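Enquirer: Okay, predicted coordinates and the sequence, questions at the end:
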Amino acid sequence: MLLYVEYLSLGNFFAFVLKELFSERVNNTQAKTHYYIESTIIGKTIANFFGKFLGFQFEKLEFELRHIRDGRGELIRLTISRKSLFDVQEQIINSAAFRSLYRKEWGQARVDDFIRKGLIGGGVTDVNSVSRALFLIEVVDWHRQKTGLSNVKLLLLKRAWWNVYKRYAFRAGISLRGINSKWNLLMNKASLLGILRKWPRLYVWLKCFKYGKPSNVSAESYPSIPKLYLDGRGDVNLINNGYHSDFFWFMNSDFPEKNILYDFHSEEERLYLKKHGILVVIRQTVNIPAHDAKKMPPPYRNCRFMKEFTCIKSLIISYNYAKAFWVSFFQTHGINIFLTWYKYDNTHVAISDAIKEVGGIFIVYQMAFDGYRAIENATYADIVFSFSSWSDNIEKQLGSKINYNVIIGYPKDYASPLLRKEAKDLRARLKLNGAEKIVLVIDENSIDDSRWHTGHSLQRENYSFILEKVLDTPWLGVVFKPKAGKTLRRRLGGVAQLLADAEKTGRCYIYETIGRHTTIAPPILAGLSADVCIHGHLGSGTAALECALEGIPTLLIDREGCPYSKLHELPEGKVVFKDWPEAIDALMEHFQRPQGVPGFGDWSGIIDEFDPFRDGRAANRMGTYLHWLIQGYEQGLDRDAIMAAAADRYRKRWGDRFVIS
């Protein structure tokens, strides 16, 4: 018997691990080496101390997320999001435990949707998530197959809906045992948040402390006019220069700046925003009138399902807190429209209910291209601004609940004319240093622990292969547009020196200036300098799409394994490649042919499915639509009438097929 332990602590060793080891020792089926995922120092030490006398040892299970794949080469992390979580969600909703806890009152708002999304929320990086539990089962299955052993047990920290995990493990040939200890600090993150949310004023105070001393901005200083609250990404740029900006739709339409409210994070941001006429606020400074808040009742109590009861109760507490906070915020500041890009957890569901309660409208705009259905993308909103009908099709597959899906095209398509001169200047500088052909390389972010992310090694490949080729090829130049430039050189490790050597040639340039979080230069700025663009990640193809929409030859490298993406319809060997060496060989062949390789980097076969307009006016359509909504509030109409009127105006201007309701 081979034993795997999710969390090897002192208490877990004596209470659970020894019991399993002794039971198998009696049957003479015990392996000599067992494995743990996480451990405390004392837990690992005591386990191996006892092992010296009893004939076993514990080692940390070494694995990397990028190596855990299914039979088609798909990363299991993607399989979990694309398929497994949908199955688990339905099993939970249809379980006897859930039915016994359910209250019909939850159907009066979007509480059902909040719970559904919350049940499977969090990715593999979250120790409390369903994704982490499923991924650990898959990791053990991967390692079991490597060892060739069939008698395998996984001691997993016991979670709600345990039978769901047992069935999942059973299908993988793994016997699942539960570690049920209230002292497992590894799992107490959710409990701490739950405690804080029972005292909302304490939670708000801690939030204020995190973001610094509140300013003197008060509700009384705001004009009593309809307002749109912009929940942005931290790209505070009000110069229409093509660079990333949360205000792209405003700068490309007639939407009045006086109707925008924005959350600032520094004194510099506050002064900059006020200079441009934008109303500012620190959203953590609102008081929550707990006695006035309309609370949803907790689940029915059932002693047979206490873990499940605690799980659902925690979600209800979270919903009640979030909704109370946002209702108070909207009322305090007179907000009628909430505009956000963030749809990836269940918080947006509570905000949607909150603004509806005060007569407002909740809107999500599509920021990223979704090439396949992933459960975290399920959206619950009054209005969604989508790229295309393909995006709407994905929403339908997800079971998203949207009153009006408004198709506008790719929202950053206005940027190219504003950036051409800067891009041309960079190209000229690179050519002056001998670069006859130039390639753009686009990467993604990475985290230090490669067990829960594809890791730095995968990102280093985005730089090392092409840098080596540039250093070996005097006529080749490269431009890099990293997603997170601030930490890039640290994450590159030894490859950073390769980057520095290439920069010395004058044929290598990297965009590193960041906004609040990410690099502020858009992909298209770098793309306009290049002959060919390469995105090292097919699964997250938004930056590649931006370049392809401009007609720049664009390649995708599917190193993670994303076979179910729409982008796999693009030609293999001309657009889609399996690894960097294959892509570079094809790139060099294309550059060295007088007329290039026919169809190289060509997306024309499917590009119109991602943007039906292709006219550079998507941001204008979005800003204009938002302005119509504000005008509806200025006329004193209610939210339903305002949304219906705006949809009707849009249909008349652009066509019926561009508003789906």
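Expert: On my side now, so go ahead. Treat the numbers as computed from the prediction; the structure is a model and nothing was measured.
Enquirer: Please parse the protein into its domains.
Expert: Per automatic domain parsing, the structural domains of the chain span 2-187, 191-393, 416-609.
Enquirer: who wins for proximity to R653 among those?
Expert: With distances scored as Cβ to Cβ, the stretch of the domains of the chain nearest to R653 is domain 191-393 (13.4 Å). Where you see a C-beta, it was placed from the backbone N, CA and C, and this is true even at glycine.
Enquirer: Now that closest one: average pLDDT?
Expert: Per-residue pLDDT over domain 191-393 has a mean of 85.
Enquirer: and if you look at stretch 474-493?
Expert: 89.
Enquirer: ok, back up a step: okay if I get the domains of the chain as a markdown table plus distance to G623 and mean neighbour count?
Expert: What follows is these, written out as a markdown table (distance: least, Cβ to Cβ, whole Å; neighbours: other Cβ atoms under 10 Å):
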| stretch | distance to G623 | mean neighbour count |
| --- | --- | --- |
| domain 2-187 | 27 | 18 |
| domain 191-393 | 3 | 18 |
| domain 416-609 | 16 | 19 |
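Enquirer: Same list, those, but as CSV with distance to Y650 please.
Expert: As requested, the domains of the chain are exported to CSV (distance: least, Cβ to Cβ, whole Å):
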stretch, distance to Y650
domain 2-187, 25
domain 191-393, 10
domain 416-609, 20
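Enquirer: right, so of these, which gets closest to N405?
Expert: domain 191-393 (4.9 Å).
Enquirer: From the chain's centre, how far out is that closest one? Work that out for me.
Expert: Here domain 191-393 is found 16 Å from its chain centre; the criterion is Cα atoms, centre = their mean, to the nearest Å.
Enquirer: what helix or strand is K574 on?
Expert: Here K574 sits in a region with no helix or strand, counting by DSSP states H and E.
Enquirer: Per-residue pLDDT of it, please?
Expert: Here the pLDDT value assigned to K574 is 97.
Enquirer: got a list of what it touches?
Expert: Going by Cβ atoms under 8 Å, 6 or more residues apart in numbering, K574 touches A586, V597, G599, F600, G601, D602.
Enquirer: quick one: K343 from W106, how far?
Expert: Between K343 and W106 the distance is 21 Å, computed by Cβ to Cβ, to the nearest Å.
Enquirer: and the residue nearest to the spatial centre of the chain, what does it touch?
Expert: The centre of the chain sits closest to Y344, judged by Cα atoms, centre = their mean, with a distance of 6.1 Å. With contacts defined as Cβ under 8 Å, 6+ apart, the neighbours of Y344 are E376, N377.
Enquirer: Phi and psi next, for it.
Expert: Dihedral pair for Y344: phi -90, psi 0, per degrees, to the nearest 10.
Enquirer: Of the domains of the chain, which is nearest I408?
Expert: domain 191-393 (5.1 Å).
Enquirer: re earlier: how about the domains of the chain, which one is nearest G409?
Expert: domain 191-393 (6.4 Å).
Enquirer: how about the helices of the stretch 251-400 of the chain, start to end?
Expert: In the stretch 251-400 of the chain, the segments counted as helices under DSSP state H, counting those that start in this stretch are 267-275, 306-333, 347-357, 389-398.
Enquirer: And the ones you listed: which comes nearest T45?
Expert: Proximity to T45 (Cβ to Cβ) singles out helix 306-333 among the helices of the stretch 251-400 of the chain, at 30.4 Å.
Enquirer: by contact count, what packs against that closest one?
Expert: Using 3 or more Cβ pairs under 8 Å, 6 or more residues apart in numbering; DSSP states H and E as the contact definition, the elements that helix 306-333 packs against are helix 96-101, helix 111-119, helix 189-198, helix 200-211, strand 227-231, helix 347-357.
Enquirer: Spell out the secondary structure type for Y7.
Expert: Using DSSP: H, G, I helix; E, B strand; the rest coil, the three-state assignment for Y7 comes out as strand.
Enquirer: Would you mind measuring from it to I68?
Expert: Shown here: Y7 relative to I68, a distance of 19 Å by Cβ to Cβ.
Enquirer: What values do phi and psi take at A172?
Expert: phi -90, psi 0.
Enquirer: Can you tell me, leaving aside adjacent residues, what's nearest to it?
Expert: Ranked by Cβ to Cβ, 6 or more residues apart in numbering and with sequence neighbours excluded, the top spatial neighbour of A172 is D141, at 4.2 Å.
Enquirer: Where does the one you found fall, secondary structure wise?
Expert: Counting by DSSP H and E, D141 is found in helix 130-147.
Enquirer: Extract the C-alpha trace of the helix or strand that that helix is followed by and format it as CSV.
Expert: The helix or strand immediately downstream of helix 130-147 is strand 152-157, counting by DSSP H and E. Provided in CSV are the C-alpha atoms of strand 152-157 (Å, rounded to 0.1, in the frame of the first residue of the first chain):
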residue,chain,number,x,y,z
VAL,A,152,-3.0,3.5,-3.2
LYS,A,153,-4.6,5.6,-0.5
LEU,A,154,-4.9,9.4,-0.4
LEU,A,155,-5.5,11.0,3.0
LEU,A,156,-7.2,14.2,2.1
LEU,A,157,-8.3,16.9,4.5
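Enquirer: pretty sure L8 contacts I42?
Expert: No. Counting by Cβ atoms under 8 Å, L8 does not reach I42; the two are 9.9 Å apart.
Enquirer: Show me what V384 is bridged to.
Expert: Assessed by DSSP bridges, V384 has beta-bridge partners V364, N405.
Enquirer: show me the contacts for it.
Expert: I363, V364, Y365, Q366, E395, S400, I402, Y404, N405, V406.
Enquirer: what's the answer for V5, then?
Expert: Counted by Cβ under 8 Å, 6+ apart, V5 has contacts N12, V17, H34, Y35, Y36, I37, S39, F58, L154, L155, I179.
Enquirer: Specify the beta-bridge partners of it.
Expert: According to DSSP bridges, the partner residues bridging V5 are Y36, L155.
Enquirer: Against A47, how distant is it?
Expert: With distances taken as Cβ to Cβ, V5 is found 9 Å from A47.
Enquirer: Also F613?
Expert: Separation of F613 from A47 (Cβ to Cβ): 62 Å.
Enquirer: Same question for E589.
Expert: E589 sits at a distance of 56 Å from A47 (criterion: Cβ to Cβ).
Enquirer: Likewise for S457?
Expert: Noted for S457: a distance of 30 Å to A47, by Cβ to Cβ.
Enquirer: How about Q91?
Expert: Here the distance between Q91 and A47 works out to 34 Å (Cβ to Cβ).
Enquirer: how about the residue nearest to A172, what does it touch?
Expert: Neighbours of D141 in contact, by Cβ under 8 Å, 6+ apart: A172, G173, I174.
Enquirer: Is it correct that E468 falls within a helix?
Expert: Yes. When classified by three-state DSSP, E468 is found to be part of a helix.
Enquirer: right, and it touches L499 too?
Expert: No. Using Cβ under 8 Å, E468 is not in contact with L499, being 11.0 Å away.
Enquirer: Which residue lies closest in space to A354, excluding its sequence neighbours?
Expert: Nearest non-adjacent residue to A354 (Cβ to Cβ, 6+ apart): W326, at 3.6 Å.
Enquirer: err, T624, not the other one
Expert: Spatially, and ignoring its direct neighbours in sequence, T624 is nearest to S253 (5.1 Å; Cβ to Cβ, 6+ apart).
Enquirer: do K313 as well
Expert: Spatial nearest neighbour of K313, excluding adjacent residues (Cβ to Cβ, 6+ apart): P298 at 4.9 Å.
Enquirer: what pLDDT does N445 get?
Expert: 81.
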